[in-house]
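Chemist: The following comprises the amino acid sequence and a computationally predicted model.
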Amino acid sequence: MSQQVAVPEKVVRHKVGHHWPHVEVELSGAKLGFWIFLCTELLMFGGLFVAYTYFRSLYPETFTAAHQTLSIPLGTLNTGVLILSSFTVVMAIRSAMLNQRKAMLGYLYATLFLAAAFMVIKLGFEWPPKFEKGTLPAAFYTYEGLAHVEKPHIFFGLYFVMTGLHGIHVVIGMGLISWLIWLGHKGVLYRGFYTPIEIVGLYWHFVDLIWIYLFPLFYLAG
Amino acid sequence: MSTAPDIATQAPSFPKEHYLNASKGFKSWALTVDHKRIGLMYLVSVLTFFLVGGLFALLVRLELLAPGGMFEQKTYNQLFTLHGVVMVFLFIIPSIPAALGNFFLPLQLGAKDVAFPKMNLFSFYIYAVGAIVAIVAMVTGAVDTGWTFYTPYSLTTNTGVVLTVFAAFILGFSSILTGVNFIVTIHKLRPPGMTWFRLPLFAWSLYATSVIQLLSTPVLAITLLLLIAERLFGVGVFDPALGGDPVLFQHFFWFYSHPAVYIMIVPAFGIISELIATFSRREVFGYKFVALSSVAIAIIGFFVWGHHMFVSGQSEFAGMVFSFLTFFVAIPTAVKIFNWTATLYKGDIQLRTPMIYAIMFLIQFTIGGLTGLPLGALGTNVALHDTYYVVAHFHYVMMGGTVFAFIGGLHYWWPKITGRMYSEKSANIGAFLLFIGFNVTFFTQFLLGFKGMPRRYFDYDPEFSGLHAFSSVGSWILGVGFLVTLYCFIQSLRKGEVASSNPWGGTTLEWTTQSPPIAHNFIDTPTVSTGPYDHSEVPAATGRAA
């Protein structure tokens, strides 16, 4: 036996783009590009975090009082779901690097399932009571339980914009993971080429990380 | 450069194979990943929108030709808003990077393409979608807020704010993807021997521009999303009636839009460096300073946004800090001006059309830059704020600077893009008309501003009528200048002489391949062993074509 790990027979071998000198540069270029893109994502959410900080400093009592209408158990459950999904995506990369296609696909399906679970918990269980109660942005705000604090609708405005934008990112992530699953079934992801999983993995960790900040800022405020 | 381009001694013949005829049919363009074709599609698009934005500007000047005017108040508000939105988001931001940058960055690096060719095409389509949404918004309810979309008015006007803002949001994505592409291209696709300090200065300027695009555009994106959400759901962050803060909108907006003026001007700096090096036949004086000053501008430019808000009610201390930083950012810009001037000194100056544009740029940009200082000073700002002085200053930088550099760059690289020369005589007539028209139009507006004429007014007192009429006449000269330039380019396409691979005696790598280049740019990947502006082995410009 040679020292090299054999490339499984079913694999469709990757062709390096015509403009790249070799495959390592191609991978590092893709990673660099994606890290830069994550910087832009960070600044986009950064604007929202600045708005949050500003209004929390303007209306501290509002934030303390309004956060009690959020469900901490559901928020905690969703935090757990996302952290677990970060683990499964890492395992998917590792499986690809070891040419273990079945395991890789299993972990990808698990990640997709967890992402879907996050959205179901949010849209199916967390948000409907809010729509009923009317703890919503100003145009639809009808809740009367927070009459003792100033401008409670701003808290919910920010809550829905920030968790909503995060939710959109989760949905985009589900699309990207489905794309990986499709690539996996085609047999193009293997030890010699796993850039897509690496990139989507970076994205997925970023989405998790944003949630790690959103969770305490809204659910545990005050 | 070591790979000295050989300039043919006999008249060159048009190459048989090049990027324009490498494949044929609509699909070969619609699905192309060739950065040159994508750059060309961008070029046609941005020039089209430049024409549209220019027509809006002519209508604005027509209204102001005499007191009383011809349009309704609201129509006038829509006209100057459309002029601003089209020029900023559809023309000037993508102009140099997406059109000329896309075309020439890989060529200057001796690369076959940008790092992510498919993403490059994708970003063009995003631009196209953004442009279509913007056009729909214009037709269905032209916005009348000014291109700045200030709250609370943008929350209450019944014009198409949501759609217009959404178009700007989409266009921002295109800009981000182009930025990612350029940064990775410069990091990863430089040829053997091209160290960072052997990068052409145009590439350096695109690098700095991309950094600004990547870090500022997302903040605009979230600001615009919040504005849309505010209008649709009432988030409460910008609307004072809901407890929000309209000044927060201004902070967010200028956190993007001040760096955005550097997105507009820094690539122009890059072009000017190329032009001055080639047509002075000298290395750019203080190359490293010119290169790094772009990066310095990119960094410092992020911390000056408050100078747009001296009278918006920010604290006096904040005003002082922003004023200081505004003066500070003038330093790296001045470094460039001084270094270009020093490059000209004892240079073998050749007054070809692109060089004439570079010199006009130097004059106008210096005026534009220096007139910015009174706006950056707290005391004078209060007097000049929101007057025509600001309009004049802004246009001296953006039009007298960026647009002149863009047109100059277009003249410089035209032979490489099309493989044909143009009549320098008609090009120079166009340049002369533009110079006269531009200065008549906008220098007058400095005087109007000093006399107290406020910007964005659809009517004015009779005391301003002489200057306003003079300025409007200038806008017609400008219009004629652009028509002459357009005619010159069309004539060149029809019957221009065939260009050699290096008609100007340029030293950077794009001049080592044929004009127009083959689909993969270079037959062999070039190797580099000197700085970008080593003229010792490159003969001077040889005249028209050969």
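Modeler: Sure thing, it's come through. Numbering: from 1, shown residues only, chains lettered A, B, ... in the order given.

Chemist: how about the top helix by length along chain B, does it reach chain A?
Modeler: The single longest helix within chain B, with elements called by DSSP state H, is helix B:246-280. Yes. Applying C-beta under 8 Å from any C-beta of the partner chain, one finds helix B:246-280 in contact with chain A at B:248, B:252, B:255. Every C-beta, even on glycine, is put in place using the N, C-alpha and C of the backbone.

Chemist: Any chance of a markdown table for those residues, columns neighbour count, distance to A:Gly164 and pLDDT?
Modeler: Listed next are the residues of helix B:246-280 next to chain A as a markdown table, based on neighbours: other C-beta atoms under 10 Å in any protein chain shown; distance: C-beta to C-beta, whole Å; pLDDT from 0 to 100:
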| residue | neighbour count | distance to A:Gly164 | pLDDT |
| --- | --- | --- | --- |
| B:Leu248 | 18 | 19 | 95 |
| B:Phe252 | 23 | 18 | 95 |
| B:Phe255 | 23 | 22 | 94 |
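
Chemist: Among these, which one sits closest to B:Pro97?
Modeler: B:Phe255 (20.2 Å; C-beta to C-beta).

Chemist: Tell me, please, where in chain A the pLDDT is lower than the cut-off.
Modeler: For chain A, the stretches with pLDDT under 70 are A:1-6.

Chemist: Can you show me the strands along it?
Modeler: Per DSSP state E, chain A has no strands. Nothing in it meets that criterion.

Chemist: and the helix or strand containing B:Phe317, what other elements does it pack with?
Modeler: Element membership for B:Phe317, per DSSP states H and E: helix B:316-344. Identification of packing neighbours for helix B:316-344 by 3 or more C-beta pairs under 8 Å, 6 or more residues apart in numbering or on different chains; DSSP states H and E yields helix B:246-280, helix B:287-300, helix B:353-370, helix B:373-376, helix B:378-384.

Chemist: So which residues on the stretch 401-546 of chain B come close to chain A?
Modeler: Counting by C-beta under 8 Å from any C-beta, the positions of the stretch 401-546 of chain B adjacent to chain A are B:His520.

Chemist: Looking at the stretch 401-546 of chain B, what residue ends up closest to chain A?
Modeler: B:His520 (7.3 Å; C-beta to the nearest C-beta).

Chemist: residue contacts, that residue?
Modeler: The neighbours of B:His520, taking C-beta atoms under 8 Å, 6 or more residues apart in numbering or on different chains as the test, are A:18, B:112-113.

Chemist: Switch those over to TSV; also include distance to A:Ala110.
Modeler: Shown next, in TSV, are these (distance: C-beta to C-beta, whole Å):
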residue	distance to A:Ala110
A:His18	36
B:Lys112	40
B:Asp113	37
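
Chemist: Out of those residues, grab the one that's most surrounded.
Modeler: Ranked by neighbour count (other C-beta atoms under 10 Å in any protein chain shown), the contacts of B:His520 have B:Asp113 at the top, with 23 neighbours.

Chemist: Spit out the contact partners of the closest residue to that residue other than its chain neighbours.
Modeler: Spatially, and ignoring its direct neighbours in sequence, B:Asp113 is nearest to A:His19 (4.1 Å; C-beta to C-beta, 6 or more residues apart in numbering or on different chains). Going by C-beta under 8 Å, 6+ apart, A:His19 touches B:106, B:111-115, B:117, B:189.

Chemist: What about the nearest residue to B:Thr341 once chain neighbours are set aside, how many residues nearby?
Modeler: Of all residues not flanking B:Thr341 in the chain, B:Leu362 sits nearest, at 7.3 Å (C-beta to C-beta, 6+ apart). Per other C-beta under 10 Å, the neighbour tally for B:Leu362 reads 18.

Chemist: Touching, B:Leu362 and B:Ile337? I think so.
Modeler: Yes. The pair B:Leu362 and B:Ile337 qualifies as a contact (C-beta atoms under 8 Å) at a distance of 6.9 Å.

Chemist: got the residue ranges for the helices in the stretch 351-500 of chain B?
Modeler: Taking DSSP state H, counting those that start in this stretch to define them, one finds helices in the stretch 351-500 of chain B at B:353-370, B:373-376, B:378-384, B:388-397, B:404-418, B:424-450, B:465-495.

Chemist: which one of those helices has the most crowded surroundings?
Modeler: Most buried of the helices of the stretch 351-500 of chain B by mean neighbour count (mean count of other C-beta atoms under 10 Å in any protein chain shown) is helix B:404-418; its value is a mean of 25.

Chemist: mean confidence score for that one?
Modeler: Across helix B:404-418, pLDDT averages out at 97.

Chemist: Identify the residues contacting the nearest residue in space to B:Asp348 that is not next to it in sequence.
Modeler: Spatial nearest neighbour of B:Asp348, excluding adjacent residues (C-beta to C-beta, 6+ apart): B:Arg281 at 4.2 Å. B:Arg281 makes contacts with B:347-348, B:350, B:505, B:535, B:540, as judged by C-beta under 8 Å, 6+ apart.

Chemist: In TSV: these, plus neighbour count.
Modeler: TSV is the format used below for those (neighbours: other C-beta atoms under 10 Å in any protein chain shown):
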residue	neighbour count
B:Gly347	16
B:Asp348	12
B:Gln350	15
B:Gly505	20
B:His535	18
B:Ala540	14
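
Chemist: Of the residues you listed, which belong to helices?
Modeler: Per DSSP H, the subset of the contacts of B:Arg281 in helices is empty.

Chemist: Excluding chain neighbours, what is closest to the single nearest residue of the stretch 251-400 of chain B relative to chain A?
Modeler: Proximity of the stretch 251-400 of chain B to chain A (C-beta to the nearest C-beta) peaks at B:Phe252, 6.0 Å away. Counting by C-beta to C-beta, 6+ apart, B:Phe252 lies nearest to B:Thr223, which is 4.0 Å off, once chain neighbours are set aside.

Chemist: Stretch A:161-175 and chain B in contact?
Modeler: Yes. Under the criterion of C-beta under 8 Å from any C-beta, chain B is reached by stretch A:161-175 at A:161, A:165.

Chemist: any residues touching that stretch, and which ones?
Modeler: Outside of stretch A:161-175, the residues within contact range by C-beta under 8 Å, 6+ apart are A:45, A:48, A:52, A:112, A:115-116, A:118-119, A:122-123, A:137, A:200, A:203-204, A:207, A:210-211, A:214, A:218, B:225-226, B:229, B:235.

Chemist: I'd like to know which of those residues are buried.
Modeler: The neighbour count (16 or more other C-beta atoms under 10 Å in any protein chain shown) marks A:45, A:48, A:52, A:112, A:115-116, A:118, A:122, A:137, A:200, A:203-204, A:207, A:210-211, A:214, A:218, B:225-226, B:229, B:235 as buried among these.

Chemist: Take the helices and strands packed on helix B:316-344 and lay them out in TSV including distance to A:Ile172.
Modeler: Output for these, formatted as TSV (distance: least, C-beta to C-beta, whole Å):
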stretch	distance to A:Ile172
helix B:246-280	23
helix B:287-300	29
helix B:353-370	42
helix B:373-376	41
helix B:378-384	43
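
Chemist: Centre-most residue in chain A?
Modeler: Geometric centre of chain A, nearest residue: A:Val207, 2.8 Å, by C-alpha atoms, centre = their mean.
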